[in-house]
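Asks: Just to be clear, the model below is a prediction. Sequence and coordinates:
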Amino acid sequence: MDKDQEMWEKLFHELACIKSEMKAFKLETRAELYQIKTELKEWQRQNQQQGLSSEGE
């Protein structure tokens, strides 16, 4: 029974590690997506300003 208990404990530990890694990956991915959205908004804003200044000439 000790071997079975030890095996289950190792498996649960491994699952906990995987869950933690997935959570970290999710947070990292969310941060990267936010950064991309921010850069896209900035790029769109710059293009709008360039378009407006071109029309004014």
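Replies: Received it, and whenever you're ready, just let me know what you need. In this text the structure is predicted, and so the values were computed from the model without any measurement. Numbering: from 1, shown residues only.
Asks: Can you point out the helix or strand that includes Leu11?
Replies: Per DSSP states H and E, Leu11 falls inside helix 2-56.
Asks: List the residue ranges of this structure that fall below the pLDDT cut-off.
Replies: 55-57 (pLDDT under 70).
Asks: Could you check how far the residue nearest to the spatial centre of it is from Met22?
Replies: Here the mean C-alpha position of the chain is nearest to the C-alpha of Thr29 (Cα atoms, centre = their mean), at a distance of 1.0 Å. Distance, Thr29 to Met22, by Cβ to Cβ, to the nearest Å: 10 Å. To be clear about C-beta, it is placed using only N, CA and C from the backbone, and glycine gets the same treatment.
Asks: same check, this time on Met1
Replies: In terms of Cβ to Cβ, Met1 sits 31 Å off from Met22.
Asks: next one: Gln49
Replies: From Gln49 to Met22 the distance is 41 Å (Cβ to Cβ).
Asks: if we can go back for a sec, tell me which of Met1 and Met22 has more neighbours.
Replies: Met22 (10 against 5; other Cβ atoms under 10 Å).
Asks: how far away is that one from Asn47?
Replies: 37 Å.
Asks: Give me the neighbour count for Lys19.
Replies: 10.
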